[in-house]
Structures are given as C-alpha cells and as structure tokens.
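Participant: 3D, please:
(chains A and B)
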There are 2 protein chains.
Amino acid sequence: MKKIVLAISACFALGGGIALVQAAAPANEPIQPIKAAKVKNPAMAELGKKLYFDVRLSRSGFISCNSCHNLSMGGTDNLKTSIGHNWQKGPINSPTVLNSSLNLAQFWDGRAKDLKEQAGGPIANPGEMAFTHELAVDVLASIPQYVTEFKQVFGDGKVNIDRVTQSIAAFEDTLVTPDSRFDQWLKGNKKALSAQELRGYQTFKTAGCVACHNGPAVGGNSFQKMGLVKPYITTNTAEGRVAVTGKDADRMNFKVPTLRNVALTYPYFHDGEAATLHQAVDTMGKLQLGREFSKQELDDVVSFLHTLTGKQPDFKLPILPPSSDKTPAPKPFN
Amino acid sequence: MKKIVLAISACFALGGGIALVQAAAPANEPIQPIKAAKVKNPAMAELGKKLYFDVRLSRSGFISCNSCHNLSMGGTDNLKTSIGHNWQKGPINSPTVLNSSLNLAQFWDGRAKDLKEQAGGPIANPGEMAFTHELAVDVLASIPQYVTEFKQVFGDGKVNIDRVTQSIAAFEDTLVTPDSRFDQWLKGNKKALSAQELRGYQTFKTAGCVACHNGPAVGGNSFQKMGLVKPYITTNTAEGRVAVTGKDADRMNFKVPTLRNVALTYPYFHDGEAATLHQAVDTMGKLQLGREFSKQELDDVVSFLHTLTGKQPDFKLPILPPSSDKTPAPKPFN
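Facilitator: Residues are numbered from 1 along each chain as shown, chains lettered A, B, ... in the order given. The predicted structure follows:
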C-alpha cells in the first residue's frame, strides 16, 4: 500500500498537484458530456410513458416497469435484488433505466440487444411481472383510450407486443440525464467542481477506472470480468455473459454499469452487495485494479462520483386510461 | 318492477320529461361542485408529496402510499383488495385518496378521524407497509435532504411521525378533483351533460341514491348499513363501524364512499366484488333501495356517474432525496 501511495504522490507531483488537475483540458477527456434527448416521436414517447407506469402489464395489476426502475429514485429500486410477482426475490440487481439507451446491450449479461427487446422480458418473466405478452396485449386492447393512442401513433388501433415495447423504448430513450456538474466542468465551467472532486477524477483516471468506465455514460459500453485480479466472492448465482454466449471465457463477464447518477443507484454490483459508494470503489480497486485505495483516495473518488448526478426525469405524473368493463381483471392472488 | 317503472315514468311525465331535467335549477341540487384546493402551506405539501411516493416508509423499501392509492389510477390500486408486505392479501378495498379530505372520517369504518391520523396506519400495519413509526422516522432522519426540508417546513430539522403524517395529509388535502363535467353543469353550463347523462342524474335523485350520495363529494359524509333492504352476501369478513364503536347496530355500517371519479375507482364496494359500475348500481338498487333498475335506467345512471370524473392530479413526478451511507437498508425478504 505504501508503494501505491508513493506512486500517486509522484503522479500528483509531476505537474504540481492540484494545479495540474485544474489545468487539465476537458477536450481530451475519456468521459464526454451527455447530450439531452432528441425526442423523435413525442406521441410514441408519451404512449410509452403511460405503459411504463401501467401496472396492468403485470399479472397482478401491481407491478409496472417503474416498480423496479423507479424514476423517482434514479431509475432503480434501491434494493439488492428486486421484488417480483408474489414477492419473489429477483436474481440480480435492477440496473438503472436512466441513460440506458447508451448501453451497448441491455440486462447485466447483454442478452437483449436494445431497449425494445428488453422491455418485453420482465412482462413475461414468471419471477417479475408474471404475465404473457398475449394477455398484456388483450388488456391494453380492451382500453378504449389506449386504442385511440395506438391509432394516433401507429396509424391504426391495433395493439401488439411489438408496438408496446417499441413505445416503451421510445419513452426510455428520453431518459437521459444531462447537465451534471461534471458535464458542466467538461464543457468548460472550471468552477463546477471542487478541488476534492477534481482530485477524485484524477485518481479515477490514473488508477485505471476509466479503462472500463468511459464514454458519455461512464460505462455501459463493454463487458468485463467481475473479479479480474482477484475473484469476486458472492452467493449470487448469476454467471454473466456466459449465459448468452455459452463461452466459458465469458463466465462472470457483466456489462460495465454506467456511473451516471451512481450516487442515486445504490446498492451496487450485479448482486447489490456493495451498500455504499465507498465500499464499491474500495472493492473495485482491489478486485479489478489490484490496488488498495487510501482513505483519502476513496473520499476523493466518491466525491467525484457524486458530480455525475444529472438532471433527473422532469415530467408530469402520467394519468392512465381507465379499464373498460371488458378489461380482464388482474389476478394478484391466483 | 312494473310499479317502479311506472313511478319513474310518472316522475318524468310530471314536467315534460327531458325538458324538466334540463330546466332543473342547479342551485338547489343535492350535490355541490368541488372547489379547487387552497394550498395552505405549499412547502409542507411538497414535502408530503415526496413522502407519499417514498417506498422507504415501508419495511421492504417497495411499498409507498402511492402503491395502493395510485394517483395515476384515480387514487386507488384498482384491485379487489390490496397487496401488502410479503404479498399479503389485504382485508378490504383501498378507497380513493382523491377528495378524501372531504370525508367525515377515514378508512371504511371511520376509525381515523382525519387524514393525518390515517396516514400513520398503513406504515405500521404488518399486513401493509409492515414498518414501525420509529424505524420510518430513523430512515427519514438519515437522509440529509429530508432533514433540510423538515427544517424549512417546521423550523427545525427534527423528524417525527407527527410531522411526517401532517405533511402527507397536507399533500392529500391538495388532491381534490374539481371541474368535472357534472360540476360544469352545476355551475350553469347546460351543454356540459348529454340528455342521457341528465336522465341518469334524474334517476339517481328520484330513486334515492342521493339520500346517501350527496354533498360536494357525492358521499363520504355518513355511515350507512351495507345491505339495508336485503343483506349483502360476501365472504369478506369486514364488519364495518362496529369495530370502532362496539355497538351491534353498527355491524355492516360503512362509510358511504365518494362517487367522485367513480369511473376510475373500480372495482367497487368494501370487498371490491362489484367489477363494473353497472353491477354496482344494480346491486345498490336492489340491496339499499329495494328496487330493480331497468337496463335503460342502469345505462343512464352509469352514464351520469362518468360525468363525475374531475381534473386528475397534475404535478411533476417527485424526485426523492437519496439515502445516505447511514440510512438503514430496507428489508424486503427478512
């Protein structure tokens, strides 16, 4: 550990410590600002917003997309693993939906190529919303106001799962969080970050965190092995990307999570076992980088990570179209 | 049944049928328009809104006030009875929170005298949010942004259950739904209702529905026996107001529900066993009024009831303050 501290000191000494950090040119940074969403089809995104909040896409009539990807709470449920139909315990931590359009693929193991493909998964998963695509479509098609909206968006009132997931994805595409303090700094506002936050960013870069956490989403753009230098010990049985590719080399390979809004998306890792950012950074240092961060470095990096909280979803609570007399009743208990 | 139809016909014939209805003076109606909420303390209502949506008031970190009184769905969960902690089946239908400030008391049996008293109930109910007031307060007190808001609202940052429930009630006070089409008609806009809707209102009055469903909330202002003329048959074990007063005469006495937004608050009755408005009106006629509505009367009354849907909640999705490292983790599975 002494060696590491010395190395860092040397690194800081190189250009005069803080002075170097503050003089860093944002132009060549490994992280880029997030751009505000360009909404291609506002009517489709509006329909998708309603569907995102609609518990009638679940068998119980109690669980919506927003239950586990809660837009009031950083697009997550802030639980280790989620609660599904009949209070089943989910197998893996719910990743944030915020900025998920920037991910190279969806789910921790990347088994869905995009948000549209992802959106259909939980609806039909017996451990999550426990419905079927057919029944969900039947419910929506029985609701006159939805049929009208599908007609407005798609030209005719036909409801099918393809249109449902396309609409949900169109809404999710809008869920980007620009204008974090770090983005303000990247764009040239030198006062946007404190000295400690900048120091943390410098450590984040020099320690090698940026090797995986880079790009506009500060992650989300590669699969990496969890436990690169030392194995990750967990009782969670998820094996990562091997479940998709069948390749043994992909065992414990997971999509690198975005660090955007990471101060809101606790607890951390695919098993949700890191309760705090300090824990998460400490574990990442040891297991992925083979280094033990000092208390000061941890504090600094965590303070930097807090600057990645961007503008949160800013829209009115959607009012859902009421069921009709023909709408099949939800079945929470049978 | 013949006799009833004749009586109604006579009533309509009295002043020339529809012409009479349209000439009715709104000034002397048994139902009054709802007034828009006057927000006494906006900061307190804003704090209460966050608390209303905050799942951290539950043991699991998954259930909020909004779970069962969903403001996207008429302030209800649209389930027969609600889902509580560990997927427990609730004993009674969740009444709407919309316009609940107009109720003479809260809960179906009126066991809470006001919204503030009500708000504390579900948090500590083992079958609902399954938390304790003490633990809920500990969670909130560990969240710096909440402490700041409590300080702004109450003068100091102390969090206690009294302030929590007072704030939630202050938010709920804002949840009135003015400007329904029926209210527009009451205020003099003769074109606000169709001939059928007016006919339905006339039947609603002449048949005696208004005896209980009157005032600005079209109910909510008295306790009445469910099964007045004929007993109500149900497997639901709720016994109504006797649980509060201990008086045998109060057995099966329930608070008359508001009919405001009733087209959104399906299914109906304290056991949620009436799936549609047609069923509910039919049953009410038979059991409370001893009369069998004709198909036409049912259609008319139901069409009138649809005009009671007012302006739904209109505010931005609240963004909740994040937990701190000191915030106790939710316990969904233990």
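Participant: Closest approach to chain B from chain A, which residue is it?
Facilitator: Going by Cβ to the nearest Cβ, chain B is nearest to A:Trp87 of chain A, at 3.9 Å. In this view, the C-beta of every residue, glycine as well, is placed from N, C-alpha and C.
Participant: you'd agree that residue is up against B:Ile63?
Facilitator: No - using Cβ atoms under 8 Å, A:Trp87 is not in contact with B:Ile63, being 10.8 Å away.
Participant: Those two - which one has more neighbours?
Facilitator: Ranked by neighbour count (other Cβ atoms under 10 Å in any protein chain shown), A:Trp87 and B:Ile63 place B:Ile63 first, with 28 against 16.
Participant: Centre of the chain to the helix or strand where A:Glu46 lies, how far?
Facilitator: Assessed by DSSP states H and E, A:Glu46 sits inside helix A:42-53. Distance of helix A:42-53 from the chain centroid (Cα atoms, centre = their mean, to the nearest Å) equals 19 Å.
Participant: Now A:Met284: closest residue in space, sequence neighbours ignored.
Facilitator: A:Cys209 (7.0 Å; Cβ to Cβ, 6 or more residues apart in numbering or on different chains).
Participant: so how far is A:Gly219 from the one you found?
Facilitator: 10 Å (Cβ to Cβ, to the nearest Å).
Participant: pLDDT (mean, whole number) over stretch A:161-169?
Facilitator: Across stretch A:161-169, pLDDT averages out at 98.
Participant: anything in that stretch near chain B?
Facilitator: No - judged by Cβ under 8 Å from any Cβ of the partner chain, stretch A:161-169 makes no contact with chain B; its nearest approach is 15.4 Å.
Participant: which parts of that stretch are buried?
Facilitator: By neighbour count with 16 or more other Cβ atoms under 10 Å in any protein chain shown, stretch A:161-169 contains the buried residues A:Ile161, A:Arg163, A:Val164, A:Thr165, A:Gln166, A:Ser167, A:Ile168, A:Ala169.
Participant: same question, stretch A:234-243
Facilitator: With the criterion 16+ other Cβ under 10 Å, stretch A:234-243 contains buried residues A:Asn236, A:Ala238, A:Gly240, A:Arg241, A:Val242, A:Ala243.
Participant: so what's the fourth one up against?
Facilitator: Going back to what we said before, that points to A:Arg241. Residues counted as contacts of A:Arg241 (Cβ atoms under 8 Å, 6 or more residues apart in numbering or on different chains) are A:Asp109, A:Gly110, A:Phe223, A:Lys247, A:Asp250, A:Asn253, A:Phe254, A:Lys255.
Participant: Now a ChimeraX select for only the buried ones of those.
Facilitator: In ChimeraX, this line selects whichever of these come out buried by 16+ other Cβ under 10 Å:
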select /A:109,110,223,250,253,254,255
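Participant: Provide the backbone phi and psi angles at the spatially most central residue of chain A.
Facilitator: By Cα atoms, centre = their mean, chain A has its centre lying nearest to A:Thr96, at 2.7 Å. Main-chain torsions, A:Thr96, degrees, to the nearest 10: phi -70, psi 140.
Participant: thinking it is in contact with A:Thr265, fair?
Facilitator: Yes - proximity of A:Thr96 to A:Thr265 meets the contact threshold set by Cβ under 8 Å, at 4.8 Å.
Participant: follow-up on the earlier one: so for the nearest residue to the residue of chain A closest to chain B once chain neighbours are set aside, what pLDDT did the model give?
Facilitator: Among residues not flanking A:Trp87 along the chain, B:Trp87 sits closest, at 3.9 Å (Cβ to Cβ, 6+ apart). The model reports B:Trp87 with a pLDDT of 98.
Participant: residues in contact with B:Trp87?
Facilitator: Counting by Cβ under 8 Å, 6+ apart, the residues that B:Trp87 touches are A:Asn86, A:Trp87, A:Pro332.
Participant: Quick one: those residues as CSV, columns for secondary structure too.
Facilitator: Shown next, in CSV, are the contacts of B:Trp87 (DSSP: H, G, I helix; E, B strand; the rest coil):
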residue, secondary structure
A:Asn86, helix
A:Trp87, helix
A:Pro332, coil
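Participant: and which of these is nearest A:Leu287?
Facilitator: A:Trp87 (32.0 Å; Cβ to Cβ).
Participant: low-scoring stretches of chain A, by residue?
Facilitator: Chain A contains residues with pLDDT under 70 at A:1-27.
Participant: Outline the domain layout of it.
Facilitator: With domains defined by automatic domain parsing, chain A comprises A:2-30+A:179-306, A:42-173.
Participant: hey, which of the ones you listed is tucked in deepest?
Facilitator: domain A:42-173 (a mean of 21; mean count of other Cβ atoms under 10 Å in any protein chain shown).
Participant: Overlap in contacts, A:Thr96 and A:Thr265.
Facilitator: Listed contacts common to A:Thr96 and A:Thr265 are A:Gly74, A:Gly75, A:Thr76, A:Pro257; contacts here mean Cβ under 8 Å, 6+ apart.
Participant: can you narrow those residues to ones near chain B?
Facilitator: A:Gly74.
Participant: For the shared contacts of A:Thr96 and A:Thr265, give me TSV that also has secondary structure.
Facilitator: Shown next, in TSV, are the shared contacts of A:Thr96 and A:Thr265 (three-state DSSP):
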residue	secondary structure
A:Gly74	coil
A:Gly75	coil
A:Thr76	strand
A:Pro257	coil
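Participant: Which positions in the stretch 51-200 of chain A make contact with chain B?
Facilitator: For the stretch 51-200 of chain A, the residues in contact with chain B (Cβ under 8 Å from any Cβ) are A:53-55, A:60-62, A:67, A:70-74, A:77-80, A:83, A:86-87, A:89.
Participant: In this structure A:Pro257 contacts A:Ser222, no?
Facilitator: No - using Cβ under 8 Å, A:Pro257 is not in contact with A:Ser222, being 11.0 Å away.
Participant: Do a quick rundown of the strands in the stretch 1-150 of chain A.
Facilitator: Listed in chain order, the strands of the stretch 1-150 of chain A (DSSP state E, counting those that start in this stretch) span residues A:83-84, A:88-89.
Participant: Quick one, which of those strands gets closest to B:Ala275.
Facilitator: With respect to B:Ala275, and counting by Cβ to Cβ, the nearest of the strands of the stretch 1-150 of chain A is strand A:83-84 at 25.9 Å.
Participant: Now do that closest one: distance to the chain's middle.
Facilitator: Taking Cα atoms, centre = their mean, one finds strand A:83-84 lying 18 Å from the centre of the chain it belongs to.
Participant: Check stretch A:202-220 too.
Facilitator: Worked out by Cα atoms, centre = their mean, stretch A:202-220 lies 16 Å from the chain centre.
Participant: Outside of it itself, list whatever touches it.
Facilitator: Here stretch A:202-220 has contacts from A:8, A:11-12, A:20-21, A:24, A:30-35, A:99-100, A:102-104, A:221-222, A:224, A:255-260, A:262, A:284-285, A:288-289, A:291, A:293, A:297, A:300-301, A:304, A:308, using Cβ under 8 Å, 6+ apart.
Participant: Ends of it, what's the gap?
Facilitator: Distance across stretch A:202-220, first residue to last, is 21 Å (Cα to Cα, to the nearest Å).
Participant: Out of the domains of chain A, which is closest to B:Ser180?
Facilitator: Nearest to B:Ser180 among these is domain A:42-173 (17.0 Å), distances taken as Cβ to Cβ.
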